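Student: need a structure here:
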Amino acid sequence: MATRTKTERNLLHCPPLEELCNVLESGLNKNFADVQVAVADCPDLTREPFQFPVKGLCGSPRITDVGGVPYLVPLPQKHKEYDMNTVSREVELPGAFILGAAAAPSRVVGMNAELMPLVHTETEGRPAVNGSYFSSVNPTDGRCLQEKYSDTEFSACPLNTDDEVNDWLKHYEGLDLRVEHTHCFSDHGEGGHYYIDTTPDTVEYLGYFLPAEYVYRIDRPQESHSIGRD
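Tutor: As a prediction, this is how the structure comes out:
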């Protein structure tokens, strides 16, 4: 794991699920033609089309923000790699199931890649189970290629403005929101970071959410800025 600063923890306010439904529905209706938000039991996520390494979203939900965009610009600090088993211990949940949005290690996959982590981290007597996806650009046709476990290669030029970041990034169907940092995957071979809807008349999204009790900030950049973030 990368040399890092201390881990910071903050308690979060968890509103009732019914209240969250109203807030989500109100906000989503401003951006999507058809919205359905409801409190429901989580389906068995080990089954199709999800195929997660665990059955549901439950337990002690927590958010962690590890590293940050400042480690990518003006040039990437490629030594910044993080072990999810270590992250699970840092958030005081060894053996936790970790999902969300991340960057795949370029040293392992050979390129800059978008990672959709689905990792049941290790605990005593049980090894980690990695069901993650990552997405990259297919070099033969320039289209998005989702693989089971990316954008383009890292930029060779320094990125100093939002325009330079956006010129480097590639946008695919159904992909990127920097504020929320949402990664999606699909059962038709496409996935990655959500930016905009490139096919707004046909795209559909399905998501299950659970409010977190704590947020953990791991390896906060000592020097920050607003480049690459809305």
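Student: how about the strands in the protein?
Tutor: Assigned by DSSP state E, the strands in the chain fall at 8-11, 62-66, 97-99, 102-104, 113-116, 118-120, 129-130, 133-137, 144-148, 175-176, 183-184, 192-193, 195-196, 214-218.
Student: lowest-confidence stretch among those strands?
Tutor: Per-segment mean pLDDT for the strands of the chain reaches its minimum on strand 175-176, at a mean of 26.
Student: tell me the spacing between A113 and D201.
Tutor: A113 sits 29 Å away from D201, going by C-beta to C-beta, to the nearest Å. Glycine gets a C-beta too; all of them are placed from N, C-alpha and C.
Student: more crowded one of those two?
Tutor: With neighbours defined as other C-beta atoms under 10 Å, A113 and D201 compare such that A113 has more, 24 against 6.
Student: assess the claim that the more buried one and S132 are in contact.
Tutor: No. With contacts counted by C-beta atoms under 8 Å, A113 stays clear of S132, the gap being 10.6 Å.
Student: so how many other residues sit close to the spatially closest residue to F52 that is not a sequence neighbour?
Tutor: In this structure, F52 finds its nearest non-sequential neighbour in L45, 3.9 Å apart by C-beta to C-beta, 6 or more residues apart in numbering. Counted by other C-beta under 10 Å, the residues lying close to L45 total 19.
Student: L45 reaches L99, doesn't it?
Tutor: No. Look at L45 against L99 with C-beta under 8 Å: they stay out of range, at 9.4 Å.
Student: pLDDT at E81, what is it?
Tutor: Confidence score, pLDDT, at E81: 91.
Student: over to S155?
Tutor: Taking S155 on its own, its pLDDT is 45.
Student: next: H225.
Tutor: On the pLDDT scale, H225 gets 58.
Student: now swap in Q77 and tell me
Tutor: 89.
Student: excluding chain neighbours, what is closest to Y214?
Tutor: R62 is the one closest to Y214 (C-beta to C-beta, 6+ apart), at 4.8 Å.
Student: next, count neighbours for that neighbour.
Tutor: 18.
Student: now tell me what touches the longest helix that the chain contains from outside.
Tutor: Secondary structure of the chain per DSSP state H: the longest helix is helix 17-29. Helix 17-29 is contacted from outside by V35, V37, A38, V39, F209, P211, using C-beta atoms under 8 Å, 6 or more residues apart in numbering.
Student: mean confidence for it?
Tutor: For helix 17-29, mean pLDDT is 94.
Student: can you list the buried residues in it?
Tutor: L20 (16 or more other C-beta atoms under 10 Å).
Student: that older thread, now list whatever residues contact both of L45 and L99.
Tutor: F52.
Student: can you tell me the closest non-neighbouring residue to the spatially most central residue of the chain?
Tutor: For the chain, A101 is the residue whose C-alpha lies nearest the centre (C-alpha atoms, centre = their mean; 0.9 Å). Closest residue to A101 apart from its sequence neighbours, by C-beta to C-beta, 6+ apart: H183 at 3.7 Å.
Student: how about N10?
Tutor: Nearest to N10 is V215, by C-beta to C-beta, 6+ apart, at 5.2 Å.
Student: tell me the bridge partners for the one you found.
Tutor: When assigned by DSSP bridges, V215 has beta-bridge partners N10, I63.
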